[in-house]
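Engineer: Structure for the following, please:
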Amino acid sequence: KQWYQRRVAITAGNVILNEQGGIVDDVTIYHYSKNKMLICCNASNIEKVFNHLTNVNQNSEVKISNESEQINQIAIQGPKAEFILEKYLKLDLKYISYYGFDVIDVENTKVTISRTGYTGEDGFEIYSNNHIGVKFWNGLLEAAKMMDFCQLGLRLEISLE
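Structural biologist: Numbers count the residues shown, from 1 in each chain. The predicted model follows:
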């Protein structure tokens with residue numbers, strides 16, 4: 001396996017507000033470039049967030065798309081998250097700071113690895129297409145078994161959270 005480092009970028013924890021100032025959902029925003037962002041919301045609120053953003057964007061040239069069926073997220077959280085993920089990827093992840101992310105190539109596919117630790121523990125989130133996501137899921141489970149981590153908790157989201 002070959003993993004290639006590209007760059008480190010910053011994510012932002014935020015909330016999406018409705019017209020009355022109430023909260024639609026809390027989100028993490030990944031700023032890839034001037035023209036591309038990924039908004040990660042709670043899985044139960046995908047439609048609500050997408051519909052809200054679409055409605056408030058009607059007179060704009062900004063393109064909003066719901067890609068939750070094509071992107072999955074695996075979150076590995078806790079004090080051993082860095083160790084497990086580094087062993088699996090054979091990549092030093094210390095360069096990814098808290099609320100930072102990087103994009104690596106896996107089988108000619110862009111995969112985002114972020115370090116938000118949204119559970120309160122240090123942790124990583126892996127965003128990829130479903131095919132690569134299944135490979136990561138199975139590989140991380142095998143890596144955890146080989147390292148004798150019997151209580152490893154991984155979460156697979158087929159829909160983008």
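Engineer: now the helix ranked longest in the chain, how far from the chain's geometric center?
Structural biologist: If you go by DSSP state H, the chain has its longest helix at helix 130-146. Helix 130-146 sits 16 Å away from the centroid of its parent chain (C-alpha atoms, centre = their mean, to the nearest Å).
Engineer: Only C-alpha atoms, please: export that helix in PDB.
Structural biologist: The C-alpha coordinates for helix 130-146 follow below in PDB (Å, rounded to 0.1, in the frame of the first residue of the first chain):
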ATOM      1  CA  ASN A 130     -17.900   3.400  -0.200                       C
ATOM      2  CA  HIS A 131     -15.500   0.900  -1.900                       C
ATOM      3  CA  ILE A 132     -12.400   2.300  -0.100                       C
ATOM      4  CA  GLY A 133     -14.400   2.800   3.100                       C
ATOM      5  CA  VAL A 134     -15.200  -1.000   3.300                       C
ATOM      6  CA  LYS A 135     -11.500  -1.700   2.800                       C
ATOM      7  CA  PHE A 136     -10.500   0.700   5.600                       C
ATOM      8  CA  TRP A 137     -13.200  -0.800   7.900                       C
ATOM      9  CA  ASN A 138     -12.000  -4.400   7.400                       C
ATOM     10  CA  GLY A 139      -8.300  -3.400   7.500                       C
ATOM     11  CA  LEU A 140      -8.800  -1.400  10.700                       C
ATOM     12  CA  LEU A 141     -10.600  -4.200  12.400                       C
ATOM     13  CA  GLU A 142      -7.800  -6.700  11.400                       C
ATOM     14  CA  ALA A 143      -5.200  -4.200  12.600                       C
ATOM     15  CA  ALA A 144      -6.900  -3.800  15.900                       C
ATOM     16  CA  LYS A 145      -7.200  -7.600  16.400                       C
ATOM     17  CA  MET A 146      -3.500  -8.000  15.600                       C
END
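Engineer: Let me see the residues that make contact with it.
Structural biologist: Residues outside helix 130-146 that contact it (C-beta atoms under 8 Å, 6 or more residues apart in numbering) are 70-74, 76, 84-85, 87-88, 106-107, 109, 111, 126, 128, 152, 154, 156, 158. C-betas here are computed from N, CA, C, even on glycine.
Engineer: Mind pulling the model confidence for Val8?
Structural biologist: pLDDT for Val8: 58.
Engineer: which residues of the chain fall in helices?
Structural biologist: 46-56, 81-89, 130-146.
Engineer: Please identify the most buried of these.
Structural biologist: For the helices of the chain, the largest average neighbour count (mean count of other C-beta atoms under 10 Å) is found in helix 81-89, namely a mean of 18.
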